[in-house]
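In: Coordinates for the following, if possible.
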Amino acid sequence: MKRILLYILFLFAALSVNAQEYSDIVEKALNSAKKDSLVQAEKLFQQALKSDPSNIRNALLFTNLGTVQRRMGKSDEALKSYSLSLNITPYSVVTLLNRASLYLERNNFDKAYIDYCNVLDIDRFNKEALLFRAYINMNRREYKEARIDYNALLSEDNKNRTALIGLIILNQKEQKYREAIESVDRMIVDNPKDVSLLKIKANIEIEMNTLDLALIDLESAAKLSPNDPEIYVTCGDIYMAQKKNREAYVAYEKAVSLGTPRSELRDKLKASK
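Out: Numbers count the residues shown, from 1 in each chain. Model prediction:
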């Protein structure tokens, strides 16, 4: 009995030492990551994982390791780390979102879509998952499904800017121009100094072939943001469509003066000149 008791005490002491060592390494790894010492953080996370492979906290460690590797540009290793984390805790929303966004960065829309669907099975109104699944569906031209996700998000957050703009773009893609214009006008009333909304409206008006209206909105945008070269490029394109070459040339030159590389506009400058 004494031997058994001594063995148990020795075992607990060893486990205590290992647990303390594990915690110390993890703390050092987290501090290194905060200080952007990413190489050191990666080594320490890997060391902690090896020191106690069965520790339940390893799911979180694999996620942290994946994020460090992602910041280092090691996307293959990061995906592997996220997947190992999900092998331990398959319903971790944070890890699923991390892996999904990395898949999206790599243009692997199918795998990202699956992860976002899994997130929404766990958290029905997760904003990030709804927005990016809608984005993927829009790219797939599955507009009905994208609209469902945007509307689901707006049912919880009726002022969500990204979802509102998403619905405007959906209406534009489906050539529902009146609905698109009405929606963007409502947003402009609430955000009269938002240049991006004026540019969105102008692009819709260009598709509608109401070019003079588009120019009016772009002029308003230029007053708010006089150093935005994109505005002048779009104005130049409209002038060219109206066969106003001189005005187009002036607009393109203005865009160049504001930072647009001349090489990008060489053909347009030549055509307008």
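
In: remind me which residues of the protein are low pLDDT?
Out: 1-19 (pLDDT under 70).

In: one more time with 80, if that's ok
Out: 1-20, 29, 32 (pLDDT under 80).

In: Do a quick rundown of the strands in it.
Out: Under the criterion DSSP state E, the chain carries no strands.

In: Ala222 versus Gly90, what's the distance?
Out: Not Gly; residue 90 is Pro. The gap separating Pro90 from Ala222 is 52 Å, by CB to CB, to the nearest Å. Where you see a C-beta, it was placed from the backbone N, CA and C, and this is true even at glycine.

In: neighbour-wise, which of the two wins?
Out: Neighbours were counted for Pro90 and for Ala222 using other CB atoms under 10 Å; Ala222 has more, 18 against 12.

In: what's the burial count for the closest residue to the more buried one other than its chain neighbours?
Out: Excluding its sequence neighbours, the residue lying closest to Ala222 (CB to CB, 6 or more residues apart in numbering) is Ile231, at 5.0 Å. By the criterion of other CB under 10 Å, Ile231 has 27 neighbours.

In: repeat for Ile56
Out: Ile56 has 9 nearby residues by other CB under 10 Å.

In: ok, now which ones touch it?
Out: Ile88 (CB atoms under 8 Å, 6 or more residues apart in numbering).

In: Can you report phi and psi for it?
Out: With angles defined as degrees, to the nearest 10, Ile56 sits at phi -60, psi -20.

In: Distance-wise, check it relative to Tyr22.
Out: 11 Å.

In: And Ala251, by the same measure?
Out: For Ala251, the distance to Tyr22 - CB to CB - is 63 Å.

In: okay, those two: which has more neighbours?
Out: Ala251 (26 against 19).

In: residues touching that one, list them.
Out: Ala251 neighbours (CB under 8 Å, 6+ apart): 232-233, 235-236, 239.

In: Which of the residues you listed are buried, as a ChimeraX select command?
Out: In ChimeraX syntax, the buried subset of these is picked out as below (16 or more other CB atoms under 10 Å):
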select :232,233,235,236,239
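
In: and the spatially closest residue to Asn227 that is not a sequence neighbour, backbone torsions?
Out: Nearest non-adjacent residue to Asn227, counting by CB to CB, 6+ apart: Leu258, 5.6 Å away. Torsion angles at Leu258 (phi, psi; degrees, to the nearest 10) stand at phi -100, psi 0.

In: Ile168: neighbour count?
Out: 24.

In: roughly how far apart are it and Cys117?
Out: Taking CB to CB, one finds Ile168 at 25 Å from Cys117.

In: Glu207 too?
Out: Where Cys117 is concerned, Glu207 sits at a distance of 32 Å (CB to CB).

In: Then Asn158?
Out: The value you get for Asn158 to Cys117, if CB to CB is used, is 24 Å.

In: Compare those two (neighbour count), which wins?
Out: Cys117 (13 against 9).

In: show me the contacts for that one.
Out: Applying CB under 8 Å, 6+ apart, the residues near Cys117 are Arg133.

In: Tell me which residue is most central in this protein.
Out: Ser101 (6.9 Å; CA atoms, centre = their mean).

In: Go ahead and confirm that residue touches Phe109.
Out: No - using CB atoms under 8 Å, Ser101 is not in contact with Phe109; the gap is 12.0 Å.

In: Could I get the contacting residues of the residue nearest to the centre of the chain?
Out: Contacts for Ser101 (CB under 8 Å, 6+ apart) come out as 112, 132.
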